[in-house]
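Asker: What would the 3D arrangement of this be:
(2 chains)
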Number of protein chains: 2
Amino acid sequence: MLGNDLHLDLGTGGGSRRAALITALREAVREGRLAPGTLLPPYRSLAADLGIARNTVADAYAELVAEGWLTSRQGSGTRVADRVAAPAPGPVRPAAPPPLPYDLVQGRPDPGAFPRGPWLAAARRALTDAPHEAFGTRDPHGRIELRRALVEYLARVRGVRTTPERIVVCSGAAHALRLLAGVLGTERPWAVEAYGLPFHRGLLAGAGVGTVPVAVDEDGARTGEIPPGAGAVLLTPAHQFPTGGPLHPERRAGALEWARRSGGLVVEDDYDGELRYDRRPVGALQGLDPERAVLLGSVSKSLSPALRLGWMCLPAALVDAVVAAKGEREPYASATDQLTLAAFLGSGAYDRHVRSMRRRHRERRDRLAAVLAARVPGVRVTGIAAGLHAVLELPPGTEAAALAAAARHGVATEGLASYRHPDARGPAHPDGLVVGYATPPERLYGAALDALCEALTEGLGARRSASSS
Amino acid sequence: MLGNDLHLDLGTGGGSRRAALITALREAVREGRLAPGTLLPPYRSLAADLGIARNTVADAYAELVAEGWLTSRQGSGTRVADRVAAPAPGPVRPAAPPPLPYDLVQGRPDPGAFPRGPWLAAARRALTDAPHEAFGTRDPHGRIELRRALVEYLARVRGVRTTPERIVVCSGAAHALRLLAGVLGTERPWAVEAYGLPFHRGLLAGAGVGTVPVAVDEDGARTGEIPPGAGAVLLTPAHQFPTGGPLHPERRAGALEWARRSGGLVVEDDYDGELRYDRRPVGALQGLDPERAVLLGSVSKSLSPALRLGWMCLPAALVDAVVAAKGEREPYASATDQLTLAAFLGSGAYDRHVRSMRRRHRERRDRLAAVLAARVPGVRVTGIAAGLHAVLELPPGTEAAALAAAARHGVATEGLASYRHPDARGPAHPDGLVVGYATPPERLYGAALDALCEALTEGLGARRSASSS
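Answerer: Numbers count the residues shown, from 1 in each chain, chains lettered A, B, ... in the order given. Here you go, the predicted model:
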């Protein structure tokens, strides 16, 4: 029987006594104050103890019986159920190392630059104007408002030739690659640039698709060397990732010739096509042959990777298969964000934001180049005409020492070697660091550059003294 | 050489002449007015023709050469590149049949009921208050603001026992099932309710996981019959889907006993746990044993399936594996929606919305029951204490005729048979229709009920005359 020492606090709030009693009893069981098997007092006596109606107690007991906290058997009263497990502690994780203070890892825009005000204004317009059906059944193809806005924007800014029917909205390049891998199948490998995101190669491998490296030089990928048996080639024509140059016009033509000859697909990862500093961005390769090339784009570099919004501009023949692969209820981009991005594009807010980001990134890139030229003359800065990162070419054999020194100086960055395809042969790229200059907040950027210069001086000096000793 | 008949419209807008010339030349190539191989005029003469600077033309040609539209060889001038493919038409799809005018398919809230104003207000608060890092690197675990708000809400409303560390945000139940299937592996089948969503069974099959049916009666799934070798059991304890009753307390205990004995996992699909009409909703089974049960929830029934926002409350031992399966860059819910839902929960707007939806759905359910009682007395309405749908029990052998009559009367709905597991044995559920009453807009609901009554009268009448002939 329930002892007198059981404290049931029904509170003094405005909620119902019934709800308060249920909560108090649940808590008592959870905390072990009411042990399994304990017989509860009859309705009448608990009601009298607590100064509440008998029916309220009966009702609360019934609720907790229905939930499984209590059991009730004819003639034996109401008891705490057996084996209501005690709450467990959260999972134990190894403490993550504290992040380095200066984040110069490539590929991330400054989260502080997200245009909250204009985005909210677009959201207000979009949610006010949207038809009711926008909040109803999901369309794996993507919101038509966004697909229409993308056709206009991508034609104007990237020279893309497509139609709303040929755009499929997705959550970013990774989602797009997974869908394409599923549609193209695992029989033929994909050709990929010998330098590229290990994440993309891993994602294809995870989908059962092998990858074959295509050598990269200062004119981009050597598309004349794409194996005829490849099912697709993944390219970064606007700004080779990460080495930095645009794909040479003859190489562009070469990729499409390969596609026509072999029946393969050119997959154009247009990850930062809008962010070109010294001149207008080179138009997308997709525009040259929309039946052989897929363009992948997203707002991850221009706005934020936290939005999970991307798109694929597909050959007509692939649309139905990709939509089917996505699946009626496949996780995909939220309708509110899709509608908001459509309004953001349509009002010119996206153009304004990209222009402002270009100015900002160009200033940062110029500052990086100037500081390095003045303080670490042994380093050559390349791949700096576009995007969110530069490549710092280092003297041969110094990459590892430079990375170690960077970490000691609180600088998070990556070496060129980590982007190299494990099977890559041919001309090895020189040692280098891939330095993202977009991420740090303004107030930390100067200090980040100072730390980088000190680290490089130390890293390269160590080698010089090592080799002179 | 370019003929005089080529019309290059540079427009009269404020943009640069260079950009206008590039666009006009691209268009001319796309439309076939400039055929492959055509020699373009020298800079000087085109500049004179168009009344623009010679450098502007040179610049435009260079741009189009870089993009691959034109080619330029020493001594042979600038030509239109070969094989720039013509734009293809969009994919040809078979025209979808027009939707039936009265949508009584279960599971979808009325899209017109989405609380646009309160959602926007929450978005404004959320995006104003969010730290910068919310727009930065993605966290597959989900935004901490949302996980904290869910812990409070789910404890209060659903009796869930969890912590922010044990919640993983996902895009809905389908995403959650796919992740769990990946983590639990394909060796052991899952037990599923003999009546349930074919979509869920198909999703598990697609992940390589077999399903074994567990019979369902008026007390819900017969959890005493879960095979000991199953790896998990998928249940709808609050409101068996689609037959409609809550899981009996002894059956709840039975499911957890099975889990403890066999080491299996109870997966609780709490798809509409908040929408109970005649009394407080029965609390979640998860609260009875958080180390043996996963709760899956989402806003798809309460707010909108277009948001793609759901959650899993996991046993501590599974958290790391599920987060890893989700993957650092896996498609997942947008940060803006996550932050907005956290603010929406925190301000009480979600509670207010659910209360208003409960009132609305209860009225619709009562209207459905009253109209059917008055006009089609041969039909018994069951499973009506919760959710967005009711089951209309029909005389034996009439389900197919009733469905056909419904379609003829413009009513989209589904038969109970389509939810039955193909391997289900034991007591077959009576014939019936699963009728969703939440979707139609207010102004169409009366007409939808009229059409349903006429269809049922016709469908059942046909059978009566058939069996009496």
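
Asker: Tell me the spacing between the residue nearest the centre of chain A and A:Asp110.
Answerer: By C-alpha atoms, centre = their mean, the mean C-alpha position of chain A lies nearest to A:Pro305, the distance being 4.7 Å. Here the criterion is C-beta to C-beta, to the nearest Å. By it, A:Pro305 lies 12 Å from A:Asp110. Every residue, glycine included, has its C-beta placed from N, CA and C.

Asker: cool, and A:Arg380?
Answerer: 26 Å.

Asker: what's around the nearest residue to the residue nearest to the centre of chain A once chain neighbours are set aside, how many residues?
Answerer: Spatially, and ignoring its direct neighbours in sequence, A:Pro305 is nearest to B:Arg138 (5.6 Å; C-beta to C-beta, 6 or more residues apart in numbering or on different chains). The tally of other residues near B:Arg138 (other C-beta atoms under 10 Å in any protein chain shown) stands at 20.

Asker: Assumed B:Arg138 was part of a helix.
Answerer: No. Secondary structure assignment (DSSP: H, G, I helix; E, B strand; the rest coil) places B:Arg138 in coil, not in a helix.

Asker: Help me confirm that it comes into contact with B:Ser334.
Answerer: No. Using C-beta atoms under 8 Å, B:Arg138 makes no contact with B:Ser334, being 10.0 Å away.

Asker: Quick check: neighbours shared by these two?
Answerer: Counting by C-beta atoms under 8 Å, 6 or more residues apart in numbering or on different chains, the residues touching both B:Arg138 and B:Ser334 are A:306, A:308.

Asker: quick one: which of A:Arg380 and A:Asp110 has more around it?
Answerer: Remark: of A:Arg380 and A:Asp110, A:Asp110 carries more neighbours, 24 against 14, as counted by other C-beta under 10 Å.

Asker: how about stretch A:382-400 as CSV, C-alpha atoms only?
Answerer: The C-alpha trace of stretch A:382-400 is given here as CSV (Å, rounded to 0.1, in the frame of the first residue of the first chain):
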residue,chain,number,x,y,z
THR,A,382,46.9,29.8,-57.1
GLY,A,383,43.3,28.9,-58.0
ILE,A,384,42.1,32.2,-56.7
ALA,A,385,39.8,33.5,-59.4
ALA,A,386,36.7,32.0,-57.9
GLY,A,387,34.9,30.3,-55.1
LEU,A,388,35.6,30.2,-51.4
HIS,A,389,39.1,28.9,-51.3
ALA,A,390,42.7,29.2,-52.7
VAL,A,391,45.4,26.7,-53.1
LEU,A,392,48.8,27.6,-51.5
GLU,A,393,51.5,25.8,-53.4
LEU,A,394,54.3,24.8,-51.1
PRO,A,395,57.9,23.7,-51.8
PRO,A,396,58.0,19.9,-52.4
GLY,A,397,57.9,17.8,-49.3
THR,A,398,56.5,20.4,-47.0
GLU,A,399,52.8,19.7,-46.9
ALA,A,400,52.7,17.6,-43.8
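
Asker: buried residues in it?
Answerer: A:382-395, A:398-399 (16 or more other C-beta atoms under 10 Å in any protein chain shown).

Asker: so where do the strands sit in the stretch 251-400 of chain A?
Answerer: A:265-269, A:293-298, A:310-313, A:380-382, A:389-393 (DSSP state E, counting those that start in this stretch).

Asker: now check the last one, is it near chain B?
Answerer: No. Taking C-beta under 8 Å from any C-beta of the partner chain as the criterion, strand A:389-393 and chain B are apart, separated by no less than 15.4 Å.

Asker: picking up where we left off before, what residues does the residue nearest to the centre of chain A make contact with?
Answerer: Per C-beta under 8 Å, 6+ apart, neighbours of A:Pro305: A:108-109, A:172, B:136-138.

Asker: what residues does the stretch 301-450 of chain A put near chain B?
Answerer: Residues of the stretch 301-450 of chain A lying near chain B (C-beta under 8 Å from any C-beta): A:304-309, A:315-317, A:319-320, A:328-337, A:340, A:439, A:441.

Asker: Apologies, that question was intended for the stretch 151-300 of chain A.
Answerer: So the stretch 151-300 of chain A meets chain B at A:156, A:159, A:161, A:163, A:165-166, A:170-172, A:174-175, A:199, A:246, A:249, A:252-253, A:256-257, A:260, A:280, A:282-285, A:287-292 (C-beta under 8 Å from any C-beta).

Asker: Of the residues you listed, just the buried ones, ChimeraX syntax please.
Answerer: To isolate the buried members of these in ChimeraX, using 16+ other C-beta under 10 Å:
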select /A:159,161,163,165,166,170,171,172,174,175,246,249,252,253,256,257,280,282,283,284,285,287,288,289,290,291,292
